[in-house]
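Peer 1: Generate a structure from the sequence data that follows.
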Amino acid sequence: MRSSHVMALAATLALACGGVQAAPAAAAGSPAPAVTYILEQLQTGPLPPGVQRQLPPLHTLKDVEDLLKANYIAFNWRRVDVASTQLNPELARQIAALPPGEVFIVPTTRGVSMNVIVGRR
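Peer 2: Numbering: from 1, shown residues only. Alright, predicted model coming up:
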């Protein structure tokens, strides 16, 4: 069974870091080749602790959307490109190691961003 991944993205993406659980790191070694990730994101403000506890078993952005709606939490949807070269090398390896379609959650300066990789180039 897969679990949701919680990560902190680099400051270059204007996201706050600290106190988060990272996905298992890929083996250390040479840096991963540069890639641009196409992400679908649901962005919201801070989440109540009860909602935060319900996120780990969710594996699709639709499941996350349903949870937010059930709890009357407003969110924005968007698609964004993130270049792996903008990320800390360790974080880039963690993102590269995600299972296809897996939701990962990133704390931001204004709340939370729930993401899934929908493409790479």
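
Peer 1: use CA for all of it now, contacts and neighbours both
Peer 2: Noted.

Peer 1: what about stretch 59-75, how long is it end to end?
Peer 2: 18 Å (Cα to Cα, to the nearest Å).

Peer 1: got it, and stretch 70-84?
Peer 2: With Cα to Cα, one end of stretch 70-84 sits 34 Å from the other.

Peer 1: low-scoring stretches of this structure, by residue?
Peer 2: For the chain, the stretches flagged by pLDDT under 70 are 1-32.

Peer 1: Could you pick out the longest helix of it?
Peer 2: If you go by DSSP state H, the chain has its longest helix at helix 61-70.

Peer 1: The helix or strand following that one pairs with which strands?
Peer 2: Scanning forward in sequence from helix 61-70 by DSSP states H and E, the next helix or strand is strand 76-83. Here strand 76-83 has these sheet partners by DSSP bridges: strand 36-44 (antiparallel).

Peer 1: immediately after the strand it pairs with, which helix or strand?
Peer 2: helix 49-54.

Peer 1: What residues sit buried inside that next one?
Peer 2: Of the residues in helix 49-54, none is buried by neighbour count under the rule 16 or more other Cα atoms under 10 Å.

Peer 1: For it, which helices and strands make contact with it?
Peer 2: Applying 3 or more Cα pairs under 8 Å, 6 or more residues apart in numbering; DSSP states H and E, we find helix 49-54 packed against no helix or strand.

Peer 1: got a list of contacts for that helix?
Peer 2: With contacts defined as Cα atoms under 8 Å, 6 or more residues apart in numbering, helix 49-54 is touched by 67, 71.
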